[in-house]
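>>> Fold the stuff below for me.
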Amino acid sequence: MKRLALAVLFCLPSALLAQETSFGSVTQQLETDPSLSSASFVAADASLTSGASGTSPSAPAPPPPAPPRGSTSAKAKNKEPSPPPVEGSMVGYIDNAIVGSEIRVRFDAAFGDQFPDRSEFFYAKCSCYRQLVGTPAFDPNAAGPGTGIPKKVNFQQLYFDGEYAPVRRFSVFAEIPIRWLQPQGFVSTPFPTVPFPNESGLGDVMAGFKVAPFASADHYLTFQFRTYFPSGNASKGLGTNHYSIEPGVLYYQKISERLTIEAQARDWHPIGGSRPPPFTFASPTQPQVPNGGPTTSSDTFAGDIFMYGLGPSYRVYDGERFRFTPVIEFFAWRILSGFETAVLAHGVLLPGFADASGTNILNIKIGARMSFGTRSSVYVGYGRSLTAADWYDDIVRVEYRFSF
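Have a look, this model is predicted:
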């Protein structure tokens, strides 16, 4: 094609020059010989034009060549629809199913965590068991904060997230958390304990990737995989002291121009963890139930946690530069295995651990996302537990997100 185009470019000026010369000759003959009629001129013109093009006057024009296979026009028919902008996701707690490049800064403030070492999901096994020398529950390697046992814990976390999508259906991401921890009083125990102070510092760093096998302008079905690294200081309550992986499936569906629904299903799985207890607490009348002992049980203090959620949102204001979208989310956890430090209602440590498996936690999150232009958005939301079991009584979240 390039050679043909160059040949045309070189031949075209010559042809035009030939035509101009021929027309000049005809004009000169008309001026000197008035007997030449206009019909003769038209015939001469047709003859000259045919000679320049190399075809006879009566020959039909050749049909245009068919576009080659795989040409631009063929690709345009098979081109996938443009994906929705990253700001198309309105949720604040459910993970974003849309694959794209973005930077996010998020701040959480949570209040009233009664079981911070439950399944070693928030922080590692309480160090109070280092004090139980001479008892079956003694664990000199318990890595969590202590030796005091907090009645409740308040905490704040600041997350710095980055996601990069080199192609439309795949992205990689990472998260760096900073945590602040404040114990809210300590339980009385029959053995000496030392209350621990407020703590702060780097939490457990997370990294992962997304793959969207199904993606369009109206929906995304995405597989997500996360890995958590034990970068937080477990003795200060800033980390879990073990690696964790978290596969999950995320879904985004645009119902109309204003209504969307987003959902998720994820499983948090610890790799390692503190040793299991020799017994668990069943009831005040049956406080000790054999658990196979620390050497015969395959369980660890950490355990699997299944998470799932659903979040509809509706855009109530849709301006050119500003949009306002309320969103309500139902977020649940099902504790599949693991243990937690058990404390009686009057604040005395039980002679063992409570089995956390079978615990169900359901939260409702109410918030709104404010979008500015097509790249920036701010989410503000409040969450509260709807079940007796919980991770916290209340939580407040503020998030800024920028897509690129």
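
>>> The stretch 201-350 of the chain: strands as residue ranges?
Along the stretch 201-350 of the chain, the segments classed as strands by DSSP state E, counting those that start in this stretch run 206-215, 219-228, 243-254, 259-271, 279-281, 289-290, 305-314, 317-318, 322-335, 339-343, 349-355.

>>> Could you list the paired strands of the third one along with their orientation?
Just to be clear, that refers to strand 243-254. Sheet partners assigned to strand 243-254 using DSSP bridges are listed as strand 219-228 (antiparallel), strand 259-271 (antiparallel).

>>> The strands of the stretch 201-350 of the chain: which one's closest to Glu120?
strand 259-271 (6.2 Å; CB to CB). All C-beta spots, glycine's among them, are computed from the backbone N, C-alpha and C.

>>> which non-adjacent residue is nearest the most centrally placed residue in the chain?
The chain has Asn96 as the residue nearest its centroid, 4.1 Å off, counting by CA atoms, centre = their mean. Nearest in space to Asn96, with sequence neighbours left out and distances taken as CB to CB, 6 or more residues apart in numbering, is Ser89 at 4.3 Å.

>>> doesn't Glu262 make contact with that neighbour?
Yes - using CB atoms under 8 Å, Ser89 is in contact with Glu262, at 6.4 Å.

>>> quick one: common contacting residues for these two?
Taking CB atoms under 8 Å, 6 or more residues apart in numbering as the criterion, Ser89 and Glu262 both touch 96-97, 252.

>>> ok, so of the residues you listed, who is nearest Gln157?
Nearest member of the shared contacts of Ser89 and Glu262 to Gln157, counting by CB to CB, is Asn96, at 18.1 Å.

>>> so where does that closest one fall, helix or strand?
Assigned by DSSP states H and E, Asn96 belongs to no helix or strand.

>>> Show the contacting residues for it.
86, 89, 250, 252, 262.

>>> Try it again at 10 Å.
86, 88-90, 102, 104, 163, 173, 210, 220, 222, 224, 250, 252, 262, 264, 401 (CB atoms under 10 Å, 6 or more residues apart in numbering).

>>> What of Ala97?
Contacts of Ala97 by CB under 10 Å, 6+ apart are 88-89, 91, 210, 212, 215, 219-224, 248-253, 262-264.

>>> Narrow these to just the buried residues.
88-89, 91, 210, 212, 215, 219-220, 222, 224, 248-252, 262-264 (16 or more other CB atoms under 10 Å).

>>> For the closest residue to Ala215 other than its chain neighbours, report the pLDDT, please.
Nearest residue to Ala215 in three dimensions, chain neighbours excluded: Arg169, at 5.7 Å (CB to CB, 6+ apart). Looking at Arg169, its pLDDT reads 95.

>>> Equivalent analysis for Ala217, please.
87.

>>> I'd like to know how far it sits from Leu181.
43 Å (CB to CB, to the nearest Å).

>>> do the same with Gly383
Counting by CB to CB, the gap from Gly383 to Leu181 is 19 Å.

>>> Next: Ala342.
21 Å.

>>> Over to Tyr317?
Where Leu181 is concerned, Tyr317 sits at a distance of 38 Å (CB to CB).

>>> the more surrounded of the two?
Using other CB atoms under 10 Å, the more surrounded residue of Tyr317 and Leu181 is Leu181, with 25 against 11.

>>> Helix or strand for Ala165, just tell me which one.
With DSSP H and E as the criterion, the answer for Ala165 is strand 153-167.

>>> quick one: that strand to chain centroid distance?
10 Å (CA atoms, centre = their mean, to the nearest Å).

>>> now for that strand, which elements pack on it?
strand 102-113, strand 170-183, strand 199-202, strand 206-215, strand 394-403 (3 or more CB pairs under 10 Å, 6 or more residues apart in numbering; DSSP states H and E).

>>> got CSV for the ones you listed, with distance to Pro230 too?
Below are the helices and strands packed on strand 153-167 laid out as CSV (distance: least, CB to CB, whole Å):
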stretch, distance to Pro230
strand 102-113, 20
strand 170-183, 13
strand 199-202, 11
strand 206-215, 11
strand 394-403, 24
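
>>> nearest to Thr135, of those?
Here strand 170-183 is closest among the helices and strands packed on strand 153-167 (CB to CB), at 23.8 Å.

>>> what pLDDT does Glu320 get?
89.

>>> what do you get for the one 10 residues further on?
The per-residue pLDDT reported for Phe330 equals 98.

>>> In contact with it, which residues are there?
Phe330 neighbours (CB under 10 Å, 6+ apart): 93-94, 263, 308-312, 362-365, 386.

>>> Check the gap between Leu158 and Pro197 for me.
With CB to CB as the criterion, Leu158 and Pro197 are 20 Å apart.

>>> Check Lys236 too.
From Lys236 to Pro197 the distance is 9 Å (CB to CB).

>>> Over to Ser377?
For Ser377 relative to Pro197 (CB to CB), the value is 37 Å.

>>> Val398 too?
In terms of CB to CB, Val398 sits 26 Å off from Pro197.

>>> Who has more neighbours out of these two?
With neighbours defined as other CB under 10 Å, Val398 and Pro197 compare such that Val398 has more, 15 against 10.

>>> Show the contacting residues for the nearest residue to that one once chain neighbours are set aside.
Counting by CB to CB, 6+ apart, Phe107 is the residue found nearest to Val398 once chain neighbours are left out, at 5.0 Å. By CB under 10 Å, 6+ apart, the contact set of Phe107 is 156-159, 178, 396-400.
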